[in-house]
Every structure is written in structure tokens, then in C-alpha cells.
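Trainee: take a look and give me a structure for this.
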Amino acid sequence: MKDRVYSTSLDAASIGETVTVTGWISKIRNLGAIRFIDLRDRKGIVQLVLSDKFDIDLRNEYVVKASGTVRKRETPNPRLKSGEIEIECESLMVLSKAVTTPLIIADETDALEDTRLKYRYLDLRRPVNQNYLDIRHKIKLATHEYLSSQGFIEVETPILTLSTPEGARDYLVPSRTKKGNFYALPQSPQIFKQLLMIGGIEKYYQIARCFRDEDLRSDRQPEFTQIDIEMSFMDQDEILSLNEGLIKEIFSKSIGYEVETPFKRISYKDAIELYGTDKPDTRFDLKLVDVKPILHSSEFNGFHAEAVKAIVIPGAAPTASRKVVDELSSEARKYLADGVVTLKMDKARQLDGSIMKFISIGMENSLIYTLNLKKDDLVIIAYGDYMRVSYFLGALRLKYGKELGLIKEDKYDFLWVVDFPLFEKDVEGSITSVHHPFTRPKEEDIPLLDTDPLKVLSSSYDLIINGYEAGGGSLRIYDEDIQKKIFKILGLSDEDIKNRFGFFMDAFKYGTPPHGGIALGLDRLTMLLGGTDNIRDVIAFPKNLNAICPTSGAPAPVSEDQLDELGIEIKREDN
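Mentor: Below you'll find the predicted structure:
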């Protein structure tokens, strides 16, 4: 008899063998004198055959151990890897009984997400979720193997660290021994991996846990995992090439998808100009077009705005009712664009729309030629602030790309977005870092730090896969004076710099190599490779949109004794 085997190891070549299998009962078909049981294990499902000599109570989700002879199935099931065979049971033992589960344990379940996350340990039995975790494991394994082969070593950095401003709120951990002081959970290992470069490690990586107290959405969690990589003495092209090799290995070894390299590259400026986003989905070729040069002399005031851009939706004119146009105007207001107008290309190769009274024949001909318009094309023109107009049309591009089936769902498209601005202004008008304050400015733009910092470009890069930001990184500042200047531009005083980054700045005095790196989102990569658009699917025990763990109930109150020991008093909101 073979030792315990998984269902997927059994096929036609196993016929005649005596085997032992274990798992959960997924389905029972009782034909009186004989019972057929679908036994589910981590790898899949195999059919057991029980004769009437087995006088034993069996129900779904019972854990059993069965031994018997593998035989050919009379009616093969092509949907199962073990679909050609079945096991004629000679013995069967119930290892554990189960009550009726609160959700159907199958890929297709009618349970709401709240129920699935509350009983996540049951939800994880569903084969689709087992597959997500299997892909996640394969990504990590490929990462370890590839980076080790490239001379990297894995180094762990602290989880309890110092609170530093890195773009989101920190999770704070009170100190028992130094009451009134707090650790912070790391938003990323950024400072420590740069210290490792100063420490001469030269090629570092880790699969790191990170924590950010920020609002959640379908592709974001308060605790997440990233493939964190840092290296010395390598330029940007070398870093991108190395990571293309890593992505190629990950896709090949996790889902058998062969990735072509090198990846395309586009500047941040062109990404916004052509796609209306810094993470464009380039699986379909629908671009934004600047039509202000054509329409700027129109008598319509809207066309005198900072930006006048258009997008052409092929064949959409017949379905663009008044209701659709009103919805577009409503959507434009959400993005704070000044306004939006629509034009339709009719049978006579002429444009039709209420705005045409402000458009001359010369302008019309230029629009038709520039936009390469065809019969029944819908032209959407938005005007207003450049970024707001771009974001609005970028969102429309993605919406229509999905609705019209323009996106090739079976394809992965890879893109580097490079040359981001170093700084931007937040809603309050303050200067902030686009990525983080340790990003190296372009060498040729360093003089602008003193005169016009908002024009400075950075040596940074984001990896975009199918419209998702799968990772991002940059070359890092390795000059103490430039780092201090960046902190000053961000509004930090000398005292702030000393208190928050003093240990980091001191390290610069002892010989800092040029270095750079990247962080790839393990959760998002698993989401992309697993074919889901919900990041909670690919995390064993995720938080919900309220940052609550439905399985354990965290966060939860603690006792007054625990608070007293930490020297903490809770300030409660008035009811």
C-alpha cells in the first residue's frame, strides 16, 4: 500500500494500486447499495466508492481517512485531474465530524463576503481560495530562487520601529518600559534597507510585512506584504532589467505564463497626457487627444480653459442618449472638470451636437482628421484644469474599454512608468513627495531644488501590469546635503530632522554608496495572477473595508489593567 497520497497524484497509471487518501467529504450521492463520495483535499477531488457493507453515518465536511484500490471510472469526469479513476474503498474511518456549514464550500457559493470572512477557515476550503494561496506560495518561492541566484541575501528588518512621515498614518505600539513613548509598525522597510546599503550588504531582499493606517478599497489592506529589494552600485536600467527577469520567473513558475522582455517604458508626463492616469491599462489602444490647438479660437468659453482634451468611443454614438450625456456631465463634476460636451459622427461624415454652432467648418474638418473619426463614433470633449480633465477622461477610457470588450482579458501587459515629478502639492497647498522623501532627483534637475522644486523630476519608476500598480521604486539620495535640502522643502525644521531622522542622517557621514531599489506588492501580484480583482481573496485572513478582522473580531477593547501597565488612558468620544 502507498503512503497517503493527494487526489491529483492519481490517474489512469494508478489503476490497480492500493492507496490511502484523507480529506473532507464534499458531496455524497447515495444510490442505495452503493455510495459515491467526492473527497476533497488540498490538491483537488477524488471519487470514493462505498459498498453497502459500510454501515456508517457520513455527511458533508466530515474528515475521513480511506484506503482502497484504484479502478477505472465508468463515466470519466474531465473537469477533475483524477477524473479517469475512482477508489473502491476497503476501509474508511471518520476522523472528525462536522455540523452543517454556514456557507456552501465550493467555488460557486451564495454566501456574502461578510459571512465568508467571518468563517474564513471554512471559506479557505473552497478550491478557488486554495489556488490563490498556492499561487502566492509559488510567487514567493520563485522570488527566493531568482534573487538568490542573482547574489541577493535575505535580511529581516525591524517590525517595531520609529514613527516617521512616509505618506500615511502609522500604526502605533505603546512601550511598557518607556511609558508615553511609542513604536510604529513599518509602512515599509525604507530607511532600514538604505542603512543596509550603507552597511555594505550591497544586495538585499526580504518578503516584508508592512502596515499603513489608511482608508481601504478593493486592492488595499491595512497590513500587506511586499517583495522588498535594494541594491548598491546599479543604475536605473540595470535595476529595471533585473526586475523584469524576476517578473518573468514569477509568471512562468506560478501560472506557466511566458513574459516577453524588455517591458515598454513611458514617462509620467506621457502617461497622463495619453491615458489620463499614471497606471494605464495598455491592453487596448484608446488614447486621449489634445484638441485645444483646434478649438482654442472657438467662441465657446469652455474651450479657452487650461486643457481641452477628447476621447473617441468607437461605434458608441447610437447609444449615447440624453441620459448618457447627462451622466457624463455628472461624472465630470465628480472629477471637478469644468465641463464636458459630446459630438457624434453621422452617416454624412459630419459631426452632430449642440456645441457645433460654436465650431467652424475648418475646426470640424480638423477634428475629423486628427481624431480619425468614422461613422457612429462618439467624441467626448472635456475642458478645465489639466490634471482633472485628464483623470476624468482616463476613467472614461477604462469604463468604455471594459463595456465595449476592448480589453484582452487573457493577456498580461507590462509597462514601466518613469520620470515622475519629485514633488506635488496636496489639497492644502503644501509640497509633498510624490513617492517618498528619499527619492533621488534627476541629476540635471538638482539646481531647480533652490528655484522651482515642483519642476524637479525624480529617478523613479512604477511597474504597471494591466492597469494596476504592481510595484514601485527609485534611485535613492546618498548625499547628506541633498537629503537635508529635500526635508527642508517638505517643511521639516532642523529639530524635526534631528528627532525623526537623526540616526539616518548620521549614517550618511560614513560613506554611502549609490543605491536604489523597488518594492513589488505580493498581494497585488497574487491578485493579478489569480484572476481576481479583490485583494481580500488572496490573503489568508484579511481585514474588511472597515479594517476589522471578521474572523477574530480585532480590533477589540483591552482591560484597564493592560492600559494601566502601559500608562495609557482612553479618551472616549461623547455619545
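
Trainee: with adjacent residues omitted, what lies nearest to Pro189?
Mentor: Thr157 (4.2 Å; CB to CB, 6 or more residues apart in numbering). C-betas here are computed from N, CA, C, even on glycine.

Trainee: what of Leu328?
Mentor: For Leu328, ignoring the flanking residues on the chain, the nearest one in space by CB to CB, 6+ apart is Val340 at 5.3 Å.

Trainee: now for the helix or strand hosting the one you found, which elements pack on it?
Mentor: Val340 is part of strand 339-345 when elements are defined by DSSP states H and E. Applying 3 or more CB pairs under 8 Å, 6 or more residues apart in numbering; DSSP states H and E, one finds that strand 339-345 makes contact with helix 322-334, strand 351-352, strand 378-384.

Trainee: the same query, at a cut-off of 6 Å, please.
Mentor: helix 322-334, strand 378-384 (3 or more CB pairs under 6 Å, 6 or more residues apart in numbering; DSSP states H and E).

Trainee: and it, C-alpha only, in CSV?
Mentor: The C-alpha coordinates for strand 339-345 follow below in CSV (Å, rounded to 0.1, in the frame of the first residue of the first chain):
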residue,chain,number,x,y,z
GLY,A,339,-17.5,70.6,-18.2
VAL,A,340,-18.0,68.0,-21.0
VAL,A,341,-19.6,68.1,-24.4
THR,A,342,-20.3,65.3,-26.9
LEU,A,343,-20.3,65.1,-30.7
LYS,A,344,-21.5,62.3,-32.9
MET,A,345,-20.1,61.3,-36.3
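
Trainee: packing partners for the helix or strand encompassing Leu240?
Mentor: Element membership of Leu240 [criterion: DSSP H and E] is helix 236-255. In terms of contacts (3+ CB pairs under 6 Å, 6+ apart), helix 236-255 is packed against helix 127-149.

Trainee: quick one: distance of the helix it packs on to the chain centre.
Mentor: Taking CA atoms, centre = their mean, to the nearest Å, one finds the center of helix 127-149 at 16 Å from the center of the full chain.

Trainee: what pairs with the very next helix or strand once past that helix, parallel or antiparallel?
Mentor: With elements assigned by DSSP H and E, the helix or strand that comes after helix 127-149 is strand 153-154. Applying DSSP bridges to the sheet, strand 153-154 is found paired with strand 203-211 (parallel).

Trainee: can you list contacts of the strand it pairs with?
Mentor: 140, 147, 151-152, 154-156, 171, 185-189, 193, 196, 223-231 (CB atoms under 6 Å, 6 or more residues apart in numbering).

Trainee: of those residues, which belong to strands?
Mentor: Applying DSSP state E to those, the entries found in strands are Glu154, Glu223, Phe224, Thr225, Gln226, Ile227, Asp228, Ile229, Glu230, Met231.

Trainee: beta-bridge partners for the third one, please?
Mentor: Partner residues in beta bridges with Phe224, using DSSP bridges, are Cys210.

Trainee: and if you look at the last one?
Mentor: Taking DSSP bridges, one obtains Lys203, Gly516 as the residues bridged to Met231.

Trainee: how much space is there between it and Glu258?
Mentor: 26 Å (CB to CB, to the nearest Å).

Trainee: who has more neighbours out of these two?
Mentor: Applying other CB atoms under 10 Å to Met231 and Glu258 shows that Met231 carries more neighbours, namely 25 against 7.

Trainee: residues near the nearest residue to Leu492 once chain neighbours are set aside, how many?
Mentor: In space, and not counting its chain neighbours, Leu492 is closest to Arg500: 7.4 Å by CB to CB, 6+ apart. Residues within reach of Arg500, counting by other CB under 10 Å, total 16.

Trainee: surely Arg500 touches Ser163?
Mentor: No - with contact defined as CB atoms under 6 Å, Arg500 does not count as touching Ser163 (7.8 Å).

Trainee: all helices for the stretch 401-550 of the chain, in order.
Mentor: 448-451, 480-489, 494-507, 522-530 (DSSP state H, counting those that start in this stretch).

Trainee: deepest-packed of those helices, please.
Mentor: helix 522-530 (a mean of 23; mean count of other CB atoms under 10 Å).

Trainee: so which bits of the following helix or strand past that helix are buried?
Mentor: Later in the chain than helix 522-530, the nearest helix or strand by DSSP H and E is helix 560-566. Going by neighbour count (16 or more other CB atoms under 10 Å), the buried part of helix 560-566 is Leu566.

Trainee: oh, and call the first residue 48 from now on, that's how I've got it
Mentor: Understood, numbering begins at 48; the last thing we discussed is helix 607-613.

Trainee: who's in contact with helix 607-613?
Mentor: Pro221, Arg223.

Trainee: what separates that helix from the chain centre, distance-wise?
Mentor: Relative to the chain's own centre, helix 607-613 is displaced by 38 Å; criterion: CA atoms, centre = their mean.

Trainee: can you measure across stretch 170-177, start residue to end residue?
Mentor: Stretch 170-177 has an end-to-end distance of 9 Å (CA to CA, to the nearest Å).

Trainee: try stretch 592-603
Mentor: 16 Å.

Trainee: one more: stretch 50-57?
Mentor: For stretch 50-57, the separation between the terminal residues is 13 Å (CA to CA).

Trainee: how about stretch 335-348?
Mentor: 21 Å.

Trainee: what do you get for stretch 447-457?
Mentor: From start residue to end residue, stretch 447-457 stretches across 18 Å - CA to CA.

Trainee: just give me how far it sits from the chain centre.
Mentor: 19 Å.

Trainee: buried residues in it?
Mentor: Along stretch 447-457, these residues count as buried under the neighbour rule (16+ other CB under 10 Å): Tyr447, Gly448, Leu453, Ile454.

Trainee: any chance of the helices and strands packed on strand 386-392 in CSV, plus mean neighbour count, distance to Ile415 and mean pLDDT?
Mentor: Below are these laid out as CSV (neighbours: other CB atoms under 10 Å; distance: least, CB to CB, whole Å; pLDDT from 0 to 100):
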stretch, mean neighbour count, distance to Ile415, mean pLDDT
helix 369-381, 13, 20, 89
strand 425-431, 25, 9, 96
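
Trainee: now the angle from the helix or strand hosting Lys74 to helix 174-196?
Mentor: Taking DSSP H and E as the definition, one finds Lys74 inside strand 65-77. Calculated by axes from the mean of the first three to the mean of the last three CA atoms, to 10 degrees, strand 65-77 forms an angle of 150 degrees with helix 174-196.

Trainee: residues of the helix or strand following strand 65-77 that come out buried?
Mentor: Following strand 65-77 in sequence order, the next helix or strand is strand 81-87 (DSSP H and E). Buried residues in strand 81-87, counted by 16+ other CB under 10 Å: Arg82, Ile84, Asp85, Leu86, Arg87.

Trainee: next, Lys356: secondary structure please.
Mentor: Of the three states, Lys356 takes strand under DSSP: H, G, I helix; E, B strand; the rest coil.

Trainee: can you pull the pLDDT of it?
Mentor: We have a pLDDT of 98 for Lys356.

Trainee: for it, give its distance to Leu443.
Mentor: Lys356 sits at a distance of 11 Å from Leu443 (criterion: CB to CB).

Trainee: pLDDT below threshold where in the stretch 248-397 of the chain?
Mentor: Flagging of the stretch 248-397 of the chain using pLDDT under 70 yields the residue ranges 265.

Trainee: ok, back up a step: closest to Ile319 among the buried residues of stretch 447-457?
Mentor: Using CB to CB, Gly448 is the member of the buried residues of stretch 447-457 that lies nearest Ile319, at 17.3 Å.

Trainee: with that, I have no additional questions.
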